[in-house]
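J.: Dropping the sequence and predicted coords here.
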Amino acid sequence: MDTYIPRRLVVAAAVAASALFGTACSAAESATPTATSDVVEKPTTPTSAEPTPERERLPYTISFGGDVHFEGVLRNRLNADPKTALGPIAKVLGASDLAMVNLETAITTGGTPAPGKQFTFRAPATALTALKAAGVDVASMANNHGMDYMQGGLADSLAAIKRSKFPVVGIGGNEDEAYKPWRTTVNGNRVAIIGATQVLDAEFIQAWTATDRQGGLASAKNEARLLQEVRKARKNSDTVIVHLHWGTELQKCPNEAQRALAPKLIAAGADVVVGGHAHILLGSGYLRNGYVNYGMGNFAFYNWGPDTGRTGVLTLTINGRKVLKDRWTPATIQGGVPVPVAAAGRQQAVANWKALRGCAGLAATPS
């Protein structure tokens, strides 16, 4: 099994490789170290690259958090200081080469609330500032709250994304834009990340789904379109990641729709499938030659309880198509934000997380 090499050493190796093979090395910036991670440097901007020889590619890390919005107490934190809005978990996210969350809100201060919808979430554009400051590199807005303020809110969201230059997947001005992967290159690995939602309220499916004639969300209900995008990304990527909004609220095991879609995505060429929606943690592990997470739970959320307040960061070490290692950094939601579990309770929290794969049909090691 390959060994993860800290990003600071990778940069030196990449410079040497550039001289030999004429490839370009992207600029990097330092991230804050944590007790559980090596000091790493994050790539600053996405880069494209021609296919690279195997010997040039080195392992990288990507961390995932769950559902994020900025309602209630979180709005107060955002208004006070966007750069510290996500609290201490930023050190965990920032220590990885890449980090991703599900942004479960419209980015607007206007728009019209979805008619008849019980819960509608929105946040100002500083929400994107908060994510970036917390070490998040890309977010998905393909979820059942991404268009809570309908087409007016969508227009505001897309404009805010464009102004901020913060990468967001799963949403767009048309179908192609919504399904389009975000691409970056890390340690010689060409990474493609696609976002889509399997959860949409029945009355909003037509109005919220992106088509060639209207903006909206990338829908996983259109399996053929999603699988087509995965196959397309497979052709010119070393790692293909699909981020999904899926599952049944408060159901501890994956539902039939999740179990049916996951193997199809792996067969189409996805190496990692990660998602959430259930408000609680679900199992993670290996499925065939890929890695699947069925539920990341809440992450930065305005309410929480004994189960819905359990959260954490999933960090994968990857080289090309191989997920070499998974690591769980457990946390609990306190004051709306995830706070890493103290050392005394960490071992039990990790054991509890590993036990979740029991009903998920996933393995602790690749098959």
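T.: Nice, I can see it.
J.: Toward the C-terminus from the longest strand belonging to the chain, list the very next helix or strand.
T.: Longest strand in the chain, counting residues (DSSP state E): strand 322-334. As assigned by DSSP states H and E, the chain's next helix or strand after strand 322-334 is strand 337-340.
J.: which parts of the next helix-or-strand element following that following strand are buried?
T.: Remark: after strand 337-340, the chain's next helix or strand is helix 343-355, criterion DSSP H and E. Residues of helix 343-355 classed as buried by neighbour count (16 or more other Cβ atoms under 10 Å): 346, 349-350, 353. C-beta here means a position set from N, CA and C on the backbone, and glycine is covered the same way.
J.: need these in a markdown table with distance to Ala233, can you?
T.: Output for these, formatted as a markdown table (distance: Cβ to Cβ, whole Å):
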| residue | distance to Ala233 |
| --- | --- |
| Arg346 | 35 |
| Ala349 | 34 |
| Val350 | 32 |
| Trp353 | 29 |
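J.: quick revisit: helix 343-355 and the longest strand of the chain, what's the angle between them?
T.: Counting by axes from the mean of the first three to the mean of the last three Cα atoms, to 10 degrees, strand 322-334 lies at 120 degrees to helix 343-355.
J.: Enumerate the positions of strand 322-334 that are buried.
T.: Applying 16+ other Cβ under 10 Å to strand 322-334 flags 322-324, 326-333 as buried.
J.: Could you report the neighbour count for Pro338?
T.: Pro338: 32 surrounding residues under other Cβ atoms under 10 Å.
J.: What about the nearest residue to Val323 once chain neighbours are set aside, how many residues nearby?
T.: Spatial nearest neighbour of Val323, chain neighbours left out: Tyr291 (4.2 Å); criterion: Cβ to Cβ, 6 or more residues apart in numbering. Neighbour count of Tyr291, defined by other Cβ under 10 Å: 25.
J.: ditto for Lys83
T.: Neighbours around Lys83, by other Cβ under 10 Å: 13.
J.: what do you get for Lys221?
T.: 15.
J.: tell me, what residue is most central in this structure?
T.: The residue lying closest to the centre of the chain (Cα atoms, centre = their mean) is Met100, at 3.4 Å.
J.: Check for me that it belongs to a helix.
T.: No - using DSSP: H, G, I helix; E, B strand; the rest coil, the assignment for Met100 is strand, not a helix.
J.: surely it meets Ile193?
T.: Yes - using Cβ atoms under 8 Å, Met100 makes contact with Ile193 at a distance of 6.9 Å.
J.: shared neighbours of those two, which are they?
T.: 138, 243 (Cβ atoms under 8 Å, 6 or more residues apart in numbering).
J.: Which residue comes closest to Val68 once chain neighbours are left out?
T.: Per Cβ to Cβ, 6+ apart, closest to Val68 is Ala300, 4.4 Å.
J.: Could you check how far the one you found is from Trp182?
T.: 21 Å (Cβ to Cβ, to the nearest Å).
J.: what do you get for Lys235?
T.: The value you get for Lys235 to Trp182, if Cβ to Cβ is used, is 17 Å.
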